[in-house]
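Student: show me how the following folds:
(chains A and B)
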Amino acid sequence: MKNLEIAKLFYLMAEFVEMEKTSFISIAYNKAGRILESLERDAEEIYNKGGIKELKKIPGIGEGIARKIEEYIKTGEIKRYLELKKKCPVDLEKLTSVEGLGAKRIKFLYEELKVKNLNDLEKVAKAGKIAGLDNFGEKSEKNILQSIEIAKVDKGRFLLGKILPRARNIINELKELPETEKINIAGSARRMKETVGDIDILIVSSNPEKIMDYFVKMKGVIKIWAKGETKSSVRFRTGFDCDLRVVKKESFGSALQYFTGSKDHNIATRRIAIKKKLKLNEYGVYRNNKQIAGKNEEDIYKSIGLHYIEPELRANTGEIEASLENKLPKLIKYNNIKGEIHCHSDWSDGSATIEELAKIAKGIGYQYLVITDHASPLGIVHGLDGGRILKQMKEIDKVNKKISGIKILKGTEVDIKADGTLFIEDSVLSKLDFVIGAVHSGFKMDKENMTRRITKAMENIHVDAIAHPSGRIIKKREGYQFNFSEILKVAKKTKTALEINAHESRLDLRDVNIRQAINTGVKLVIGTDVHNINYFKMMELGIAQARRGWAEKKDVLNTLSTDNFLKYFKK
DNA sequence: GCCGTTTTCGGCCCGACTGTTTTCAGTCG
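Tutor: Residues are numbered from 1 along each chain as shown, chains lettered A, B, ... in the order given. As a prediction, the model looks like this:
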């Protein structure tokens, strides 16, 4: 998948173009970057199928950008990018990560002081060479130095699972202030994106000053980027930024809509407003300068002729069109899950006993819990063999007798060997309620062989689902090469479900793949891959992932009752 | 560079905050 590589080049070209003057070319390049990032299919595949013509069918991609994509696919380079880079050979990625430095200032610093990278920048700033430049002063220089320090340790985007609890802590603290009338999370965290750049919080208050004063002095704040009447922005020691906006009651809905994004979703909604001779901004929807909506989000959408769109769908990937035609999916709800289907006990590499796990699951309100310990030759996971699985089944019978109100089901997460056969013999698998197959080794296999490996496993009648199908680890590992369309075809034929692994670092399947699976008629299960009792709460992330993939309750099998869940897999 | 029941040319979402300015450009989201 070259989409991300190409997207990056477009982002860089956008910055380079921006150096000359603010131009709509850079807007188009940036947009192309975002389109490529969220594209369901491989741009190369699209090109191979229908060339430039096919690429141009993607909204936002025209002749010029399609030609550049073609160039990259054919040569691995884009000439225009090389030319731009030659003109101003700077480490754009690093330099733009310094807060307050944009394309124009970077170009200026290169021309005046030959600043090419963070090191150069730090040197000239320390030497006091920046303060005297046109449009730069003492304060700019000081800010640059501070921002360099922060940029050095900046880790970019954060896992949703890591940032959500922090955001909730901040919100709970601000909620306590007497001046806070209403508070809500916004931004990509509200959209539940798998990674989040910073935390956005929205507050209704008639006394913004007090709120802002409190906010910038909160525990852990190491830098105040900005502090104004309606907007403040800070960096916390833990490495993330938090933006706070305060609005009046009558603008809460429009502000929430606006600050939730995504950017492309907002641009699309504003365009719809303009077509209807309305104006949409964070203060409301206006007709001839008279506010006709603003207090709540539902009214914002209604006033411009749209059905309400859930935050997880707001990515401008078809939700606006679906809303216009009243064809939005009825998304799976956060309380629809009836059982955990991926759980490791202390029989393999989990840390809790079967009984402990069952009690927690019961406490959550689940009807069932499937124990799926590793069946694997890998020593590190302490995998079970056929004999131990049979023993464990007896143990589960015992615990089931002891605990009421929840049914513990017998399962395994069985390794799919390189040739597509399974680590456990069919005679044992046939006795289990639920078998989830997984690839845990040989990740580097080529595309064809990996596809064959997984499809062969799915052809085994005892395999009910495939765990973390792509094998990716967010920010660490790409995942293995395989032909997803082929996997879907076989999954559909064999009635094999695909897992949405809800672990914060996996979230595997990706949202775009979930959508493909649903469109193909393939069923899903959501599992948190429990290894200790704290994992259960990651179910929220898995459901969010499903929602971003347009999944409805009927698409996810562990929304079924115990009986129906078991019935589905009886073949 | 993209796009079209406003246009094949002339638009392109819109506003807050900062710093260095005497009215605004750059940056950010």
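Student: what's the neighbour count on the residue of the stretch 201-350 of chain A found nearest DNA strand B?
Tutor: When distances are taken as CB to the nearest atom of the strand, the stretch 201-350 of chain A reaches nearest to DNA strand B at residue A:228, 2.3 Å away. Using the backbone N, CA and C atoms, a C-beta is placed for each residue, glycine as well. Residues near residue A:228, counting by other CB atoms under 10 Å, number 11.
Student: phi first, then psi, for it.
Tutor: Backbone torsions for residue A:228, taken as degrees, to the nearest 10, come to phi -130, psi -170.
Student: can you list the residue ranges for strands in the stretch 51-200 of chain A?
Tutor: Counting by DSSP state E, counting those that start in this stretch, one finds strands in the stretch 51-200 of chain A at the ranges A:158-159, A:182-186, A:195-196, A:198-204.
Student: to residue A:254, which of the ones you listed lies closest?
Tutor: Distances from residue A:254 to each of these were compared by CB to CB, and the smallest falls on strand A:198-204, at 10.6 Å.
Student: quick one: average confidence on that closest one?
Tutor: Averaged across strand A:198-204, the pLDDT comes to 94.
Student: can I get it as CSV, trimmed to CA atoms?
Tutor: Coordinates of each C-alpha in strand A:198-204 appear next as CSV, following Å, rounded to 0.1, in the frame of the first residue of the first chain:
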residue,chain,number,x,y,z
ASP,A,198,-4.5,16.7,20.7
ILE,A,199,-7.4,17.0,23.1
ASP,A,200,-10.2,19.5,22.2
ILE,A,201,-12.6,20.6,24.9
LEU,A,202,-15.6,22.8,24.6
ILE,A,203,-17.2,24.7,27.5
VAL,A,204,-20.3,26.8,27.9
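Student: check the offset of that strand from the chain's centre.
Tutor: When C-alpha coordinates are averaged (CA atoms, centre = their mean, to the nearest Å), strand A:198-204 and its chain have centres 19 Å apart.
Student: over to stretch A:174-189?
Tutor: Relative to where its chain is centred, stretch A:174-189 has its mean C-alpha point 23 Å off (CA atoms, centre = their mean).
Student: can you give me the buried ones in it?
Tutor: The neighbour-count criterion (16 or more other CB atoms under 10 Å) identifies A:174, A:177, A:179-180, A:183-189 as the buried residues of stretch A:174-189.
Student: make CSV from these and add distance to residue A:555 to it.
Tutor: As requested, the buried residues of stretch A:174-189 are exported to CSV (distance: CB to CB, whole Å):
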residue, distance to residue A:555
A:174, 37
A:177, 42
A:179, 44
A:180, 38
A:183, 33
A:184, 28
A:185, 26
A:186, 28
A:187, 27
A:188, 24
A:189, 24
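Student: so what secondary structure elements neighbour the lowest-mean-pLDDT helix or strand in chain A?
Tutor: In chain A, no helix or strand scores lower on mean pLDDT, DSSP states H and E than helix A:138-153, which sits at a mean of 83. With contacts taken as 3 or more CB pairs under 8 Å, 6 or more residues apart in numbering; DSSP states H and E, helix A:138-153 sits against helix A:118-126, strand A:221-227.
Student: which residues does residue A:171 contact?
Tutor: Residue A:171 makes contact with A:183, A:185, A:201 under the criterion CB atoms under 8 Å, 6 or more residues apart in numbering.
Student: which residue is the nearest non-sequential neighbour of residue A:40?
Tutor: The shortest distance from residue A:40 to any residue other than its chain neighbours is 4.4 Å, reached at residue A:512 (CB to CB, 6 or more residues apart in numbering).
Student: can you give me the strands for the stretch 201-350 of chain A?
Tutor: Under the criterion DSSP E, counting those that start in this stretch, strands of the stretch 201-350 of chain A are mapped to A:221-227, A:231-236, A:241-247, A:279-281, A:284-287, A:290-293, A:339-340.
Student: those: which one's closest to residue A:194?
Tutor: The minimum distance between residue A:194 and these falls on strand A:241-247, with 18.3 Å, by CB to CB.
Student: direction included, what does that closest one pair up with?
Tutor: Here the strand partners of strand A:241-247, with direction, are listed using DSSP bridges: strand A:198-204 (parallel), strand A:231-236 (antiparallel).
Student: which of those strands sits most buried?
Tutor: strand A:198-204 (a mean of 23; mean count of other CB atoms under 10 Å).
Student: my guess is residue A:366 contacts residue A:343. True?
Tutor: No - checked against CB atoms under 8 Å, the pair residue A:366 and residue A:343 is beyond contact range at 10.4 Å.
Student: neighbour count: these two, which is higher?
Tutor: For residue A:366 against residue A:343, the residue with the higher neighbour count under other CB under 10 Å is residue A:343, and the figures read 29 against 22.
Student: quick one: the more buried one from residue A:74, how far?
Tutor: For residue A:343, the distance to residue A:74 under the criterion CB to CB, to the nearest Å works out to 48 Å.
Student: likewise residue A:565?
Tutor: Separation of residue A:565 from residue A:74 (CB to CB): 49 Å.
Student: those two: which has the busier surroundings?
Tutor: Taking residue A:565 and residue A:74 together and counting by other CB under 10 Å, residue A:565 has the greater number of neighbours (24 against 9).
Student: before we move on, which element is that one in?
Tutor: If you go by DSSP states H and E, residue A:565 is part of helix A:562-569.
Student: on that earlier part again, go through the helices and strands packed on helix A:138-153 and pick out the most buried.
Tutor: helix A:118-126 (a mean of 17).
Student: now the angle from that helix to helix A:138-153?
Tutor: Per axes from the mean of the first three to the mean of the last three CA atoms, to 10 degrees, the angle that helix A:118-126 makes with helix A:138-153 is 150 degrees.
Student: sorry, back to before: pull the residues that contact the helix holding residue A:565.
Tutor: Counting by CB under 8 Å, 6+ apart, residues outside helix A:562-569 touching it are A:338-339, A:367-368, A:407, A:409, A:433-434, A:464, A:523, A:557-558, A:560.
Student: just give the closest residue to residue A:501, not the sequence neighbours.
Tutor: Per CB to CB, 6+ apart, closest to residue A:501 is residue A:468, 4.0 Å.
Student: against residue A:542, how distant is that neighbour?
Tutor: When distances are taken as CB to CB, residue A:468 and residue A:542 turn out to be 11 Å apart.
Student: touching, residue A:253 and residue A:302? I think so.
Tutor: No - under the criterion of CB under 8 Å, residue A:253 is not in contact with residue A:302, lying 10.4 Å apart.
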